[in-house]
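J.: Give me a 3D structure for the following:
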Amino acid sequence: MPLFVLVTLGLHLLLTLLVFYGGFQVSRLANRPIPAAVQLEGGRMIQQTAMPHDFRSADAIETVVKNWAIATLSWRLKPDQGALDAGKEIGNGRKVPSVTWKTSFLLSEQENFRLKFLQMLSQLIPFSVLNGQATTTAEIINLSKPQSAGTGRWVIDLVSNVLLFDNPTAPGRLLFTFNKRIFIRAIPVVINPLPEQANDVQKLIFDLRLAGLEIDEIQDLPS
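T.: The predicted structure is shown next:
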């Protein structure tokens, strides 16, 4: 066999091996999570690893639930400027503090879950709070670690007290306990900024859901 034929066959074989090797390397890269550099406020850079779209860290879940509970159950209807909060009507002649109405947008709208929760909570709010004569503070006793409740859904147990203060100098007294099993799920994270014409409610919902989480069920803790 002529030498040039052997050389040609050798080159073809080498090229074939290189193509297969290159394809293998591309496949490895395609299946590898791609780290991304993210610049934080202040200029500091961090590496971010690609995660499944329904992944949420335990710390993020705990923080969202804790902040939601404190804001929802701490009622101060008389701001520093002295103006009385009119509260928000929720139907049947009942109302809740404005802050509770605002934080309720972290709850799912499916099967009127958000409204049903507000109506339940409104029955626990004393008139002295609604007329600005008293305030409440949520006291978190225990918050469990989130446990998986299915793909992109978690359950977390909350044990807390709501303390009533009849005046700024009086010690607080127990108004009611708020011991709940809270189910929270991952929702799509909104990345695009809101349009300039967005109303206040749209802006509120956008801010509350930046973590990509939504509470979709609340149960009483077993005794």
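J.: going forward, measure contacts and count neighbours with C-alpha atoms only.
T.: OK.
J.: how about low-confidence regions in this protein?
T.: Scanning the chain with the threshold set as pLDDT under 70 gives 1-50, 77-83, 191-193.
J.: one more time with 50
T.: In the predicted model, the chain carries pLDDT under 50 at residues 4-9, 11, 14-27, 29-30.
J.: how about the residue nearest to Arg76 when sequence neighbours are not counted, what does it touch?
T.: The spatial neighbour of Arg76 that comes closest, neighbours along the chain excluded (C-alpha to C-alpha, 6 or more residues apart in numbering), is Thr135 at 5.0 Å. Taking C-alpha atoms under 8 Å, 6 or more residues apart in numbering as the contact definition, Thr135 lies against Ser74, Trp75, Arg76, Leu77, Val129, Leu164, Phe165, Asp166, Asn167.
J.: of these, buried ones?
T.: Burial of the contacts of Thr135 was assessed by neighbour count (16 or more other C-alpha atoms under 10 Å); the buried members are Ser74, Trp75, Arg76, Leu77, Val129, Leu164, Phe165, Asp166.
J.: Let's see which of the residues you listed end up in helices.
T.: Filtering the buried ones among the contacts of Thr135 for membership in helices, criterion DSSP state H, returns Val129.
J.: of the buried ones among the contacts of Thr135, closest to Leu208?
T.: Proximity to Leu208 was ranked across the buried ones among the contacts of Thr135 by C-alpha to C-alpha; first place goes to Ser74, at 17.1 Å.
J.: Which residue comes closest to that closest one once chain neighbours are left out?
T.: That would be Thr137: by C-alpha to C-alpha, 6+ apart, it lies 4.4 Å from Ser74.
J.: doesn't Phe176 fall inside a helix?
T.: No. When the secondary structure is assigned by DSSP: H, G, I helix; E, B strand; the rest coil, Phe176 falls in strand instead of a helix.
J.: you'd agree Gln152 is up against Pro52?
T.: Let me fix one detail, which is that residue 152 is Gly and not Gln. No. With contact taken as C-alpha atoms under 8 Å, Gly152 and Pro52 are classed as non-touching, separated by 9.5 Å.
J.: Looking at these two, which is more packed in?
T.: Between Gly152 and Pro52, counted using other C-alpha atoms under 10 Å, Gly152 has the larger neighbour count: 16 against 8.
J.: Phe117 and Glu111: what is the separation?
T.: Distance, Phe117 to Glu111, by C-alpha to C-alpha, to the nearest Å: 11 Å.
J.: So those two - more neighbours on which side?
T.: Comparing Phe117 with Glu111 by neighbour count (other C-alpha under 10 Å), the higher total belongs to Phe117, at 14 against 9.
J.: Please point out which parts of the helix or strand hosting the more buried one sit buried.
T.: Here Phe117, judged by DSSP states H and E, is contained in helix 113-122. Under the neighbour-count criterion of 16+ other C-alpha under 10 Å, helix 113-122 has Phe113, Arg114, Leu115, Leu118, Gln119, Ser122 buried.
J.: Run through the residues that contact the residue nearest to Ser98 when sequence neighbours are not counted.
T.: Leaving out its chain neighbours, the residue that sits closest to Ser98 by C-alpha to C-alpha, 6+ apart is Gly87, at 4.7 Å. Residues in contact with Gly87, defined by C-alpha under 8 Å, 6+ apart, are Leu77, Lys95, Val96, Pro97, Ser98, Leu130.
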